[in-house]
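Asks: need a structure here:
(one chain, ligands or ions: 1)
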Amino acid sequence: MVQLQCQKCNYKFETARKPSEIRACPYCGTVGSVREIPNASDLLRNADVDEARSFRKTA
Ligand SMILES: [Zn+2]
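Replies: Residues are numbered from 1 along each chain as shown. So this is what the prediction gives:
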């Protein structure tokens, strides 16, 4: 599951679909306002800069 939040109305929701498939906020209907919310494990991973760089390089 991916957590998403609308930048317009701050409505949070989860989806099993790809974030790129969510074009409009299901609450206010604003197109292009939905952003993915990084989860805790992603934040921990990003804190390790060297590991993040090597991961991006090989990805
Ligand atoms: Zn919204």
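Asks: what does the chain have sitting close to the ion?
Replies: Within the chain, the positions adjacent to the ion are 6, 8-9, 11, 25, 27-28 by Cβ under 5 Å from the ion. Using the backbone N, CA and C atoms, a C-beta is placed for each residue, glycine as well.
Asks: Narrow those residues to those that are buried.
Replies: The neighbour-count test (16 or more other Cβ atoms under 10 Å) marks 6, 11, 25 as buried among the residues of the chain next to the ion.
Asks: Nearest to R35 among those residues?
Replies: Checking these against R35 by Cβ to Cβ gives C6 as the nearest, at 7.9 Å.
Asks: That closest one is in contact with G32, isn't it?
Replies: No: using Cβ atoms under 8 Å as the test, C6 is too far from G32 to be in contact (10.1 Å).
Asks: where does the chain dip in pLDDT?
Replies: Along the chain, the parts satisfying pLDDT under 70 run over 40-59.
Asks: Repeat the analysis, applying 90 as the threshold.
Replies: The chain contains residues with pLDDT under 90 at 1-2, 15-23, 37-59.
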